[in-house]
Structure formats: structure tokens, C-alpha cells
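Participant: Build me a structure from this.
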Amino acid sequence: MHSSMGLAHFWSQGDLVTHTTAVILALLSVASWTVILGKLLSAWRASRSPDRVLNSFWSANSLPEALEALRRDDPSGVFAGLALTGAHAAQAHQQNAARGIGAGVNASEFVTRAMRSHIVNTQARIERGLTFLASVGSTAPFIGLFGTVWGIYHALVGLSGATQVVLDKVAGPVGEALIMTAAGLFVAIPAVLAYNAFTRSNRLLAVQLDGFAHDLHAYLTTGVRVGGNTQLVDIAAARAKQVV
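Facilitator: The predicted model follows:
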């Protein structure tokens, strides 16, 4: 009797609703693990010695060399993209400050707007998929619970015509129906843990990106990095006077 109980028996005894619920949980599990693995790779790239990445930028002898160092040492492209955006904004303002839309905006405000827009887009990109993980973590247990309730109902309906019902006949179908609750938790727990871990990782990256943005803004608009390496300062001083 016990050999007939299990996942195969539960699947064979289930109906369309039970099968659909199980397939939905399986698809949610595959999709959530796909998101988790993809974001793990992105987080690993972004966390590869960010201090070394920034040091390679500030220790360069010129701005083009600093940008090239970021392209080489920043596999995630988070810091490199911000530096390129700021540098291009400063150069564009310098070239078009006397005409067009840039005539009424100073260099600091122009560079700030460009860098802020890039940071917002970067944050939206690194947070992509977190909403899905949160949704899976919050809904999968209830989907599994629905499958359990329906499985118990289906089992009781199957036993309704029996003249004598013993515990063994009830325990088997009910125990198999509880597999759906376990499946819902199996899908939800990794999604919730991954959501919390990625949220913390993204928060730390946002703090580092914001700090780099402030230093980069000061460098591009004044030629000075406050409290930082001064190798770029002398080279940037003449250029910064033209940009401001």
C-alpha cells in the first residue's frame, strides 16, 4: 500500500486543476532560478573589487587613460558608463555653451543632470527582476496551498462513495495533497532569500556609485577631487577652467 503513495501516484490521481497548479509552480521555479542565476552573475561582476576599479581611474595620468582603465577593469560597466556619461556631458557643454540649449545652463548643472539620468537608468537596470522575485516569494505559498486544498477536496470526493473509510485510505491522498504546500514553499523560499540578498547588494552598489558620482562631478567641473588622488588634478585644471 505504501509503495503506491508518492509523487507519481499523486500526479496520476490528480485532475486538470491539480496538474495546472503543479505546472505553474514548476514554471515559477524555473523562471525565478533563471533570474537568480542571471543576477548572481551580474552582482559578481559588479562586486569584483570596486575599490580597485576606482583606484585605477583616479590613478591614471589623464582623463582618456582613466576612462580606458574603467573600460578594462569594470566588467559590469556600471562605473565606466557613469564616467563616460559625465565626461561626454562636460565636453558637450564646453563645445555648445555659447549656443543652443546649453547657453542658459552652467557646466555643473548640465553634468549633474546627465549623471543623475544615467544613475537612474543604471539603478532601474540592476533592479530588474527583483519585482518578479518578490511576487514569486509572496504568491507561491498560496498557490501551493490552493493545490493542497483542491487535492484534499478531490481526494475526499473520491472517497465519498465508499461505505467504509479507514485512516489508511484518507491519509494517503491527504498526505499526497500536502506535497503542493511543500512545493509552494520550495519555490518561494529561494525567491525571498534572493530578493533580500540582491536588494542589499544593490543598495551597497548604489552608495558606491553615488560617492563616485560626487567625486567625478567635482573633478569634471572644478578639476579637483575632494580628498582623493591628485594625479588627475593638475592635468584637469586647465580643462576645468574652460568647462566651468
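Participant: for the protein, what spans make up the strands?
Facilitator: Per DSSP state E, the chain has no strands. Nothing in it meets that criterion.
Participant: any idea which helix is longest in it?
Facilitator: helix 179-222 (DSSP state H).
Participant: Quick one: find the helix or strand in the protein with the lowest mean pLDDT.
Facilitator: helix 231-243 (a mean of 41; mean pLDDT, DSSP states H and E).
Participant: Could I get the average pLDDT for the longest helix of the chain?
Facilitator: In this model, helix 179-222 has a mean pLDDT of 88.
Participant: What is that helix packed up against?
Facilitator: Other elements packing on helix 179-222 under the criterion 3 or more Cβ pairs under 8 Å, 6 or more residues apart in numbering; DSSP states H and E are helix 16-46, helix 50-58, helix 78-96, helix 107-126, helix 130-159, helix 231-243. Placement of C-beta: from N, CA and C, glycine included.
Participant: Could you list the buried residues of the second one?
Facilitator: Along helix 50-58, these residues count as buried under the neighbour rule (16 or more other Cβ atoms under 10 Å): P50, V53, L54, S56, F57, W58.
Participant: Backbone torsions only: list them for the residue nearest the centre of the chain.
Facilitator: The residue lying closest to the centre of the chain (Cα atoms, centre = their mean) is E127, at 3.7 Å. Here is the backbone geometry of E127 (degrees, to the nearest 10): phi -90, psi 0.
Participant: Could you verify my assumption that it touches N202?
Facilitator: Yes - E127 is in contact with N202 according to Cβ atoms under 8 Å; the separation is 5.9 Å.
Participant: Now stretch 114-130: buried residues?
Facilitator: For stretch 114-130, by 16+ other Cβ under 10 Å, it's A114, M115, H118, I119, T122, Q123, I126, G129, L130.
Participant: Need the CA coordinates for it. PDB is fine.
Facilitator: The C-alpha trace of stretch 114-130 is given here as PDB (Å, rounded to 0.1, in the frame of the first residue of the first chain):
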ATOM      1  CA  ALA A 114      23.400  63.800 -17.300                       C
ATOM      2  CA  MET A 115      24.900  61.800 -14.500                       C
ATOM      3  CA  ARG A 116      21.700  61.700 -12.500                       C
ATOM      4  CA  SER A 117      19.800  60.400 -15.500                       C
ATOM      5  CA  HIS A 118      22.400  57.700 -16.000                       C
ATOM      6  CA  ILE A 119      22.300  56.700 -12.300                       C
ATOM      7  CA  VAL A 120      18.500  56.400 -12.500                       C
ATOM      8  CA  ASN A 121      18.700  54.200 -15.600                       C
ATOM      9  CA  THR A 122      21.500  52.100 -14.000                       C
ATOM     10  CA  GLN A 123      19.500  51.500 -10.900                       C
ATOM     11  CA  ALA A 124      16.500  50.500 -12.900                       C
ATOM     12  CA  ARG A 125      18.700  48.000 -14.800                       C
ATOM     13  CA  ILE A 126      20.300  46.400 -11.800                       C
ATOM     14  CA  GLU A 127      16.900  46.200 -10.000                       C
ATOM     15  CA  ARG A 128      15.300  44.400 -13.000                       C
ATOM     16  CA  GLY A 129      13.800  41.100 -11.900                       C
ATOM     17  CA  LEU A 130      13.500  42.000  -8.200                       C
END
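Participant: Good, wrapping up.
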